[in-house]
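J.: Using only what follows, build the 3D model:
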Amino acid sequence: MDAGPLWSAHLWYAGAWLSFGALHSVLAARTVKDGVGRLLGRSYRLAYNGFAIVHLGAVWLAGRHLFRAAPALDLPPWLATAGDIAFAAGLIVLAVGMREYDGGRFLGLTQLRTPDAPEDEPLRVAGLHRYVRHPLYSGAFLVLWGHAQTQSGLATAVWGSLYLVIGTYFEERRLIALYGTDYSAYRKAVPAFFPWKFGPWKGRAGA
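T.: Numbering: from 1, shown residues only. Next up, the predicted model:
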């Protein structure tokens, strides 16, 4: 695969990630939620997550196919080892970060069991959230770039990271609308993805 087909593969893969981001955003929009929610009822959140997982898996498989003939990156051993460490660290951050959420509500199982359960959780500013606003995204970045040891892995890291950055912009607009000045103050004090500010945030802890 020469430079021309490699760039073509990147363009197709970028389009696949764009389809995921666009459809994910559309399905999360309030008007669509309300409309589709009337059809699916309490299972909307569960169906939304299931569809997102299937779609994301299809995007990843598309990347594997597009870059199947791409030349190897031939990384030096020290860089490959650093990538493995980052990948493992990312999995740990994801596991710890998920423990700080209501897993049932996050997945949509609570909504099935409890019809009146609110969809949104209280503002989370404890645990890893004292250091970064989006610890799950922090873990995802580490996993993506730790796994960037092949052409398809590198492409996934590039386009997946761009999706996370753009998605964060729209997510934070929703969070400001939902939590108001509490989130605005938190946003000013705590970095988005990486804990570059000294010490944990000591503001009001969420539930």
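
J.: what residues are up against the spatially most central residue of the chain?
T.: Taking Cα atoms, centre = their mean, the centroid of the chain lies closest to Tyr137, which sits 5.0 Å from it. By Cβ atoms under 8 Å, 6 or more residues apart in numbering, the contact set of Tyr137 is Leu164, Thr168, Ala192, Phe193. C-betas here are computed from N, CA, C, even on glycine.

J.: Looking at these, spot the one nearest Leu56.
T.: Of all the contacts of Tyr137, Leu56 sits closest to Leu164, with 12.2 Å by Cβ to Cβ.

J.: burial measure for the closest one, as a count.
T.: A count of neighbours around Leu164, defined by other Cβ atoms under 10 Å, yields 20.

J.: if we can go back for a sec, dump the contacts of Tyr137 to CSV, plus pLDDT, distance to Gly21 and secondary structure.
T.: Putting the contacts of Tyr137 into CSV (pLDDT from 0 to 100; distance: Cβ to Cβ, whole Å; DSSP: H, G, I helix; E, B strand; the rest coil) gives the following:
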residue, pLDDT, distance to Gly21, secondary structure
Leu164, 95, 10, helix
Thr168, 94, 12, helix
Ala192, 95, 18, coil
Phe193, 96, 17, coil
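
J.: can you list the weak-confidence ranges in the protein?
T.: 1-3, 37, 115-119, 198-207 (pLDDT under 70).

J.: Phe67 and Ala148 touch, don't they?
T.: No - between Phe67 and Ala148 there is no contact under Cβ atoms under 8 Å: 11.8 Å.

J.: How about residues contacting stretch 91-106?
T.: With Cβ under 8 Å, 6+ apart, stretch 91-106 has contacts from 109-111, 113, 117, 119, 121, 124, 126-129, 135-136, 138-140, 142-143.

J.: go with 10 Å
T.: Contact with stretch 91-106 is made by 45, 49, 107, 109-114, 117-122, 124, 126-129, 132, 134-143, 146, 206-207, as judged by Cβ atoms under 10 Å, 6 or more residues apart in numbering.
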